[in-house]
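Q: What shape does this take:
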Amino acid sequence: MSQRRWWVLFLALAVLLPSFGLTQDSPFSRKTPPKEPKEQKEPAKSDSSSSEPASNEPAKPALEAEARSEISKIAREYFKAKSDAKPALLAKVVALENGKEVSKADIEKFRKDFLALAREGPRHTGGASGRSKFGHPDYPGEYILGGSGNMLFIGLHGGGQGVGDAGQIAGLFGGMPGAVNVFPTVIQKDDSAWNTEREEQYVLELIEAMKRSFQIDTNRIYLAGHSMGGYGTWSIGGRHADLFAAISPQAGGVFTFSNGQGQQNGKVEIMRGIVENLKATPIYFYHGADDPRVGPAPDRRAAEKLEEYKKQFGPYDYVYKEYPNIGHGLPPDGVGPIWNWMKTKTRNPYPKHVIWEPTRSYKRNFFWLRLENPGSGSRVEAKIESGNKIVLAGNFSNLEIYLNDKMGITLGREIIVERDGKEVFKGRVGHSVAALLDSIDAKKDEQMYFYARIKVP
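A: A predicted model of the protein is given here:
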């Protein structure tokens, strides 16, 4: 057969075969079998809360048992150490965890251990009510105890040189219903005693003792004082605003400058490091317009400052009232409405906007911020924004941001930190036993602790 006839026959078959059912689906057709779908493996579970792809960084080795044991030993020493010895001990913990993977299980174990250590220390040893001695080796004071509940109320008395006693304020205030009420007497009866570092530390240690002795909700601790106690409430409440649910300084004031700068533009200038710190802490204060002992000018200026800050930085929760014809006394309707207002306030341990002007060298921690050397000229404004972002502004050095999973920051994801409009950190953050140890020691608070940290350049 000629080549041409072969081609004709081939073309005819190509046309006729489909009509006989020999299509691509016919068993005679050359069909490539379908590939079996590959079994999809579930991604490996991580103990972080990451919702992003895993980092390309090599995995860190786990924290060894020997290191965990050494950290536990350091922690016991840390809780007993004086303030100036703590940085060196904390540096040892940082060195032990550096380059290691600290798991959530590690954090939970250390959290329980550290909180147990924080519960060690002086407690209330007196009766259910009445006068008691405070058994602290450094602050041997006295106080009056009364009331019951899961709230804690501290009332500071007035007085001055050689004058003042807890009985005076206990009688004047009567106590906050539903709270454990504590009225301390200053250790040394000096002018403006509550504003001294010694008496401030005494009040703070007394609060810790009450937390160890009673079932106190640490988000419901309140501070109030009258006259000298009003000055003390401004001072202690402002410097330690992260401790209180609300404060009420009454017939007192913030100290004014004594270096010739007490007047600016015809207005009294008050000390820094008090009022601005109250960004997340409600305050109710009042003054008698005709007060013959403590003039109302500093309180008026504080109210003006709070209004200025409110416009500049957003909400400040405050009430200021000025009454005619009460002199140095209580409001016409007494303190009951003030207590009722305060009891509606609960501390937010993790506010998204914090302003801190530190003025005490030993006060290194404020909410979720930490300064190793809190100089008197330092100022930090910090905001948590959407997108796992933290924005900083101010004058500071050696700042650390403490973090946990309750703050609106996702630890497993990339975190961005900006300072004065410039990006200074971008990356993921692992767990830190050092942050946990330091924050629990500083706060001794089951509702405010941290287990991650970022060092700000």
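
Q: What ranges in the stretch 301-450 of the chain fall below the confidence cut-off?
A: Applying pLDDT under 70 to the predicted model, the stretch 301-450 of the chain contains no residue that meets it.

Q: That one: strands as residue ranges?
A: Here the stretch 301-450 of the chain has its strands, by DSSP state E, counting those that start in this stretch, at 318-323, 353-356, 365-366, 369-371, 379-385, 389-395, 399-403, 415-419, 422-427.

Q: Out of those, the one nearest residue 67 is which?
A: Among the strands of the stretch 301-450 of the chain, the nearest to residue 67 by Cβ to Cβ is strand 399-403 (21.3 Å). In short, each C-beta sits where N, CA and C put it, glycine included.

Q: Need the contact partners of the closest one.
A: The contact list for strand 399-403 (Cβ atoms under 8 Å, 6 or more residues apart in numbering) reads 365, 368-372, 380, 382, 390, 392, 409, 411, 415, 417, 429, 435, 439, 450-456.

Q: Kindly recompute the last result at 6 Å.
A: Here strand 399-403 makes contact (Cβ atoms under 6 Å, 6 or more residues apart in numbering) with 368, 370-371, 409, 435, 439, 450, 452-456.

Q: ditto for stretch 184-197
A: 141-143, 156, 160-162, 164-166, 199, 202, 206, 231-232, 235.

Q: between the residues you listed, which has the most around it?
A: Ranked by neighbour count (other Cβ atoms under 10 Å), the contacts of stretch 184-197 have residue 156 at the top, with 34 neighbours.

Q: mind listing what that residue touches?
A: Contacts for residue 156 (Cβ under 6 Å, 6+ apart) come out as 194, 225, 229, 232-233.

Q: can you put the strands of the stretch 301-450 of the chain in JSON lines and add distance to residue 81 and mean neighbour count?
A: Output for those, formatted as JSON lines (distance: least, Cβ to Cβ, whole Å; neighbours: other Cβ atoms under 10 Å):
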{"stretch": "strand 318-323", "distance to residue 81": "38", "mean neighbour count": "16"}
{"stretch": "strand 353-356", "distance to residue 81": "24", "mean neighbour count": "22"}
{"stretch": "strand 365-366", "distance to residue 81": "16", "mean neighbour count": "22"}
{"stretch": "strand 369-371", "distance to residue 81": "17", "mean neighbour count": "22"}
{"stretch": "strand 379-385", "distance to residue 81": "26", "mean neighbour count": "19"}
{"stretch": "strand 389-395", "distance to residue 81": "29", "mean neighbour count": "17"}
{"stretch": "strand 399-403", "distance to residue 81": "19", "mean neighbour count": "23"}
{"stretch": "strand 415-419", "distance to residue 81": "30", "mean neighbour count": "19"}
{"stretch": "strand 422-427", "distance to residue 81": "30", "mean neighbour count": "12"}
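
Q: Nearest to residue 69 among those would be which one?
A: Comparison of the strands of the stretch 301-450 of the chain against residue 69 by Cβ to Cβ identifies strand 399-403 as nearest, at 24.7 Å.

Q: Direction included, what does the closest one pair against?
A: According to DSSP bridges, strand 399-403 has the following sheet partners: strand 369-371 (antiparallel), strand 452-455 (antiparallel).

Q: hmm, which two among the contacts of residue 156 are most spread apart?
A: So, those by Cβ to Cβ: farthest apart are 194 and 233, at 7.8 Å.

Q: State the number of residues packed around the residue lying closest to residue 325 once chain neighbours are set aside.
A: Once flanking residues are discounted, residue 325 sits nearest to residue 290: 6.3 Å by Cβ to Cβ, 6 or more residues apart in numbering. By other Cβ under 10 Å, the residues close to residue 290 number 14.

Q: I'd assumed residue 290 was in a helix, is it?
A: No. Membership of residue 290 in a helix is not supported by DSSP: H, G, I helix; E, B strand; the rest coil, which gives coil.

Q: now it: how far from residue 329?
A: Using Cβ to Cβ, to the nearest Å, residue 290 is found at 10 Å from residue 329.

Q: show me the residues around residue 224 that make contact.
A: 155, 233, 248.

Q: ok, the second one to residue 139 distance?
A: Using Cβ to Cβ, we find residue 233 at a distance of 18 Å from residue 139.

Q: neighbour-wise, which of those two wins?
A: Shown here are residue 233 and residue 139; by other Cβ under 10 Å, residue 233 has more neighbours (27 against 19).

Q: Helix, strand, or coil at the more buried one?
A: Under three-state DSSP, the three-state class of residue 233 is helix.

Q: okay but it is in contact with residue 225, surely?
A: Yes. Counting by Cβ atoms under 6 Å, residue 233 touches residue 225, with 4.0 Å between them.

Q: May I have stretch 342-351 as PDB, with CA atoms only?
A: Taking C-alpha atoms only, stretch 342-351 is exported to PDB below (Å, rounded to 0.1, in the frame of the first residue of the first chain):
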ATOM      1  CA  MET A 342     -14.500  55.700  95.300                       C
ATOM      2  CA  LYS A 343     -16.100  52.300  95.700                       C
ATOM      3  CA  THR A 344     -17.300  52.500  92.100                       C
ATOM      4  CA  LYS A 345     -13.700  52.600  90.900                       C
ATOM      5  CA  THR A 346     -11.600  49.400  90.300                       C
ATOM      6  CA  ARG A 347      -8.000  49.600  89.300                       C
ATOM      7  CA  ASN A 348      -7.100  48.600  85.800                       C
ATOM      8  CA  PRO A 349      -3.700  46.900  86.300                       C
ATOM      9  CA  TYR A 350      -2.900  47.100  82.600                       C
ATOM     10  CA  PRO A 351      -3.900  50.500  81.200                       C
END
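
Q: Use 716 as the first number from now on
A: Taking 716 as the first residue, the last one we looked at is stretch 1057-1066.

Q: Flag every buried residue along it.
A: Across stretch 1057-1066, burial judged by 16 or more other Cβ atoms under 10 Å covers 1057-1058, 1060, 1062, 1064-1066.

Q: Can I get these in JSON lines including distance to residue 933?
A: Output for these, formatted as JSON lines (distance: Cβ to Cβ, whole Å):
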{"residue": "1057", "distance to residue 933": "16"}
{"residue": "1058", "distance to residue 933": "15"}
{"residue": "1060", "distance to residue 933": "14"}
{"residue": "1062", "distance to residue 933": "8"}
{"residue": "1064", "distance to residue 933": "8"}
{"residue": "1065", "distance to residue 933": "13"}
{"residue": "1066", "distance to residue 933": "15"}
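
Q: Which of those sits closest to residue 1039?
A: Nearest member of these to residue 1039, counting by Cβ to Cβ, is residue 1057, at 24.1 Å.
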